[in-house]
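**Q** need a 3D model of the sequence below.
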Amino acid sequence: MSTALPKHIHSTGDLPKVAWAKGSYVYDADGKQYIDGSGGPAVYCIGHSNAEVNAAIKNQLDRIAHGYRYNFSSDALEELTEIVRRRCGGTLNHMVYVTGGSEAVESCLKLALQYHAARGEMSRRRFIARERSWHGNTLGALSVSGFLERKRAFEGSLLDVSRLSPANEYRPIAGATAETAGEAAARELEDEILRVGPEKICAFIFEPVVGAAGGCVPAPRGYAKRVRDICDKYGVLLIADEVMCGAGRSGNWRALERDGIEPDIMSVAKGLAAGYLPLGAAIYTDKVADAIHGIHGAPMTGHTFTGHTACCAAGVAVQKIVEREKLVERVSAMESPFRAMLQEATKDIDAVGDIRGRGFFQAIELVADRKTKTPFDGGKKLFMKIRARAFENGLICYPVGGNVDGINGDVVILAPPYNVTDAELTEIVDKTASSIRQVLKAEGLA
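**A** As a prediction, this is how the structure comes out:
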């Protein structure tokens with residue numbers, strides 16, 4: 001009897017086997033070349049197989065791989081902490097290192113709960129989050145996420161979380177316009193705080209630029225500042241999930257820096273160590289630290305591999321390269337040219353409804369009707385077909401479905417390495433546009 005798992009269980013059964021990679025290119029075991037137009041899932045921000053990063057990891061491994069956090073600190077951890085403090089600026093001076101984005105968000109939620117507990121406000125247990133958001137796969141992070149397809153199997157065991165409408169200038173709340181979308185979404189937050197009772201609200205969590213669930217949707221104009229003011233007014237903590245959009249991806253090291261505010265707590269992960277080793281962090285302000293450290297002595301969150309020494313060494317090496325080569329500045333400078341390239345390459349595709357994002361975090365939203373912004377039927381799974389066709393064409397991109405209502409809506413996310421060459425960027429854009437065209441034609445939609 002065969003012991004092979006069915007394909008619907010063993011989902012990697014029909015995937016090519018990766019062999020090696022260099023810079024912006026990945027090669028499978030058959031020798032096929034792929035240009036990495038999305039940095040995998042917006043992770044590989046300095047490309048693959050960087051010799052300097054690999055050497056830093058090896059040098060750390062030759063000394064010690066991991067000094068357990070309750071026994072030791074390390075040079076790597078302390079150096080990374082200083083780098084992150086400097087890049088964050090302001091009062092975001094404290095951090096808990098973990099091994100990924102979901103753990104980072106989970107730690108952010110726990111830090112918020114612990115802050116209120118330390119202040120004797122145990123009634124503040126409820127989180128507020130937005131629909132069309134993605135915060136991670138652990139149960140707490142999944143609870144605050146608004147991503148129907150990824151949550152359905154776990155309903156019944158998730159936290160009860162207040163839900164707000166997406167904050168999206170292209171698809172504003174009913175009655176709002178692109179110009180008033182931010183104010184309308186912020187007003188919805190205040191209304192929900194008052195409905196539940198401020199004394200019951202722990203924190204509001206949001207992505208400054210929504211990633212997988214919305215497709216690179218930036219905070220509407222004025223939204224973040226209004227949210228900051230509302231949270232301060234009612235004693236609610238503000239958590240910024242910058243796992244996907246942070247660490248330089250959006251053209252600032254902190255995505256919310258462009259919006260002119262500082263969160264109380266923030267998560268960062270993907271670009272921190274650029275995929276060389278698993279690394280994330282929950283970063284929190286002096287205000288949060290004073291309450292927690294004063295009563296409990298330290299954060300009551302973390303894991304066996306928190307502050308993993310080799311992972312921190314990878315983070316240090318990556319961040320030194322990002323800073324030395326001024327890659328965040330390059331991402332910022334290339335934002336408009338990159339979007340212009342996408343607009344030019346897709347100008348003849350009637351199904352392109354919106355091209356949006358910040359920095360090297362851009363998305364194309366496809367619609368059945370530009371005027372009404374009606375999405376294609378989710379049953380067509382256009383995003384999956386575009387992903388497959390792009391892969392055939394030697395392009396790795398990140399298409400996602402359900403961005404409109406959890407079922408319908410197709411977007412294609414591009415998140416190239418910060419040090420991608422101009423020629424590589426052109427290749428990514430051209431292959432994206434041609435892959436979209438080919439799928440729409442094959443489906444009789446062009």
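
**Q** which secondary element of this protein has the worst mean pLDDT?
**A** Lowest mean confidence among the helices and strands of the chain (mean pLDDT, DSSP states H and E): helix 148-151, at a mean of 88.

**Q** return the set of buried residues in it.
**A** By 16 or more other C-beta atoms under 10 Å, the buried positions in helix 148-151 come out as Arg150. (C-beta placed from N, C-alpha, C; glycine too.)

**Q** what's that helix in contact with?
**A** Trp134, Asn137, Leu142, Ser145, Leu158, Gly401, Gly402, Gly406, Ile407 (C-beta atoms under 8 Å, 6 or more residues apart in numbering).

**Q** show me the two of those residues that sit farthest apart.
**A** Leu158 and Gly401 (21.3 Å; C-beta to C-beta).

**Q** so these two - more neighbours on which side?
**A** For Leu158 and Gly401, the more surrounded residue by other C-beta atoms under 10 Å is Gly401, and the numbers stand at 22 against 14.

**Q** measure the closest residue to the more buried one other than its chain neighbours to Ala390 for me?
**A** Counting by C-beta to C-beta, 6 or more residues apart in numbering, Phe383 is the residue found nearest to Gly401 once chain neighbours are left out, at 4.3 Å. Using C-beta to C-beta, to the nearest Å, Phe383 is found at 11 Å from Ala390.

**Q** overlap in contacts of those two?
**A** Common neighbours of Phe383 and Ala390 (C-beta under 8 Å, 6+ apart) are Pro399.

**Q** which residues of the stretch 101-250 of the chain fall in helices?
**A** Remark: helices assigned in the stretch 101-250 of the chain by DSSP state H, counting those that start in this stretch are 101-118, 139-144, 148-151, 181-196, 223-234.

**Q** among the ones you listed, which is nearest Ile355?
**A** helix 181-196 (17.3 Å).

**Q** that closest one vs helix 223-234, what angle?
**A** 20 degrees (axes from the mean of the first three to the mean of the last three C-alpha atoms, to 10 degrees).

**Q** how about helix 181-196: buried residues?
**A** Buried residues in helix 181-196, defined by neighbour count with 16+ other C-beta under 10 Å: Ala181, Gly182, Glu183, Ala184, Ala185, Ala186, Glu188, Leu189, Glu190, Glu192, Ile193.

**Q** domains of this protein?
**A** If you go by automatic domain parsing, the domain ranges for the chain are 18-49+327-442, 53-324.

**Q** tell me which residue is most central in the protein.
**A** Met244 (1.8 Å; C-alpha atoms, centre = their mean).

**Q** count the residues that sit near Gly89.
**A** Quick note: Gly89 (other C-beta under 10 Å) scores 12 neighbours.

**Q** and it, what does it touch?
**A** Arg254, Glu257.

**Q** and the helices of the stretch 101-250 of the chain, which one is worst for confidence?
**A** Of all those, the minimum mean pLDDT falls on helix 148-151 (a mean of 88).

**Q** where does pLDDT dip in the stretch 1-150 of the chain?
**A** 1-13 (pLDDT under 70).

**Q** give me the neighbour count for the spatially closest residue to Lys110 that is not a sequence neighbour.
**A** Nearest residue to Lys110, sequence neighbours excluded (C-beta to C-beta, 6+ apart): Thr301, at 4.2 Å. Burial of Thr301 is recorded as 19 neighbouring residues (other C-beta under 10 Å).

**Q** on the three-state scheme, Thr301 is what?
**A** Here Thr301 is recorded as coil under DSSP: H, G, I helix; E, B strand; the rest coil.

**Q** for it, phi and psi?
**A** Here is the backbone geometry of Thr301 (degrees, to the nearest 10): phi -140, psi 160.

**Q** what distance do you get for it to Val96?
**A** The value you get for Thr301 to Val96, if C-beta to C-beta is used, is 6 Å.

**Q** overlap of the contact sets of these two?
**A** Joint contacts of Thr301 and Val96 (C-beta under 8 Å, 6+ apart) are Ser107, Leu111, Ala282.

**Q** can you tell me the element the last one falls in?
**A** In other words, Ala282. In this structure, Ala282 is located in strand 280-284 according to DSSP states H and E.

**Q** from the contact counts, what lies against that strand?
**A** helix 75-88, strand 94-98, helix 101-118, strand 265-268 (3 or more C-beta pairs under 8 Å, 6 or more residues apart in numbering; DSSP states H and E).

**Q** quick one: the next helix-or-strand element following it to chain centroid distance?
**A** Next along the chain after strand 280-284, taking DSSP H and E as the criterion, comes helix 286-296. In this view, helix 286-296 has its centroid 27 Å away from the chain centroid, taken as C-alpha atoms, centre = their mean, to the nearest Å.

**Q** quick one, helix 286-296 and strand 280-284 angle?
**A** 90 degrees.

**Q** output the contacting helices and strands for helix 286-296.
**A** Partner elements for helix 286-296 (3+ C-beta pairs under 8 Å, 6+ apart): strand 94-98, helix 101-118.
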